[in-house]
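Asker: The following block contains a protein sequence and its predicted model.
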Amino acid sequence: MAGDARAVAIGCYQERFTGFDAEGVTVAVDVIRTSTAAVTAVALGRRCFPVSSLEAATELAKQLEDPLLVGELGGYMPFGFEVTNSPAQLAARTDVSRPMILLSSSGTPLICAARGSVYVGCLRNYGALVRHISEVRADVAVIGAGTRGEFREEDALCCAWIAAGLLECGFEAADGQTLELIDRWAGRTADSFLEGNSAAYLRATGQLHDLDFILSHVDDLDAVFALRNGEIVITSNGAATP
């Protein structure tokens, strides 16, 4: 970063991804469904610990009191887990005193692998993220989780909305791919991802409640969620309505 110039880059996380900057900012995005589930749970007052593997989830569960194991691997809820990574189901639960261990195929590995100042983003809090990060004097990488080697539409949309907002705040696009994704997605509406593979999966598996939840909770959280010592916490909060 030269002088006061700040750059924003959009990328897709895959194994051996090397796009993190240890001195910059990383925004981890997995709209369907990990990041939406995480911010929903934390906004309701539940503690949230993302883990990168089933082994890590099992080990952490031994250290927490009455943990709620949440998530999926390959689309299936692991044995011993109580809830998939469903934001709608988490929003309906009343046992918010139970700390949540969150595991998913691509979203939590991204969150756990990210470097620098790590934030968790989704359609619920993209506006709050833009306002907060616009004040940070560092380069920003907005990274979609990626599923089966694909940069999914909902993540490209959310990443583009965040990056476009940062451009309006004086950031520069780091590369041509970032400009291309902003041009393709920034002006689209939230329901633009409904023809994508992630939405198709939710329809095929009878989980339309999560699609409905995501589309009915767009930019409704004035809160910034960051990874601190292995836990996702609120670092900035206004008049949010979980």
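Answerer: Noted; the coordinates are in hand. Numbering: from 1, shown residues only.
Asker: next structured bit after the helix ranked longest in the chain?
Answerer: When the chain is parsed with DSSP state H, its longest helix is helix 153-168. With elements assigned by DSSP states H and E, the helix or strand that comes after helix 153-168 is strand 172-173.
Asker: Show me how far that next one is from its chain's centre.
Answerer: Relative to its parent chain, strand 172-173 has a centroid offset of 22 Å by C-alpha atoms, centre = their mean, to the nearest Å.
Asker: Run through this protein and note the low-pLDDT ranges.
Answerer: For the chain, applying pLDDT under 70 flags the ranges 1-4, 15-16, 236-242.
Asker: For it, which segments count as helices?
Answerer: Ranges of helices in the chain, per DSSP H, are 34-43, 54-61, 87-92, 107-113, 126-133, 153-168, 176-185, 197-204, 208-215.
Asker: So which bits of the third one are buried?
Answerer: Of the residues in helix 87-92, those scored as buried under the neighbour-count criterion (16 or more other C-beta atoms under 10 Å) are 87-91. The way it works is simple: take the backbone N, C-alpha and C, and place the C-beta from them, glycine included.
Asker: right, and out of the residues you listed, which lies closest to Ala113?
Answerer: The closest of the buried residues of helix 87-92 to Ala113 turns out to be Pro87 (C-beta to C-beta; 22.2 Å).
Asker: Correct me if wrong: that closest one contacts Ala37.
Answerer: Yes. In terms of C-beta atoms under 8 Å, Pro87 counts as a neighbour of Ala37; the distance is 4.6 Å.
Asker: Pull the contacting residues for the residue nearest to Gly45 when sequence neighbours are not counted.
Answerer: Nearest non-adjacent residue to Gly45, counting by C-beta to C-beta, 6 or more residues apart in numbering: Val96, 4.8 Å away. Residues near Val96 by C-beta atoms under 8 Å, 6 or more residues apart in numbering: 41, 44-46.
Asker: Distance check, Val96 against Leu44.
Answerer: Look at Val96 and Leu44: by C-beta to C-beta, to the nearest Å, they are 5 Å apart.
Asker: about what we covered before: what two of the contacts of Val96 are the furthest from one another?
Answerer: Based on C-beta to C-beta, the longest span within these runs between Ala41 and Gly45 and measures 8.5 Å.
Asker: More neighbours: which of those two?
Answerer: Using other C-beta atoms under 10 Å as the criterion, Ala41 and Gly45 rank with Ala41 on top: 27 against 10.
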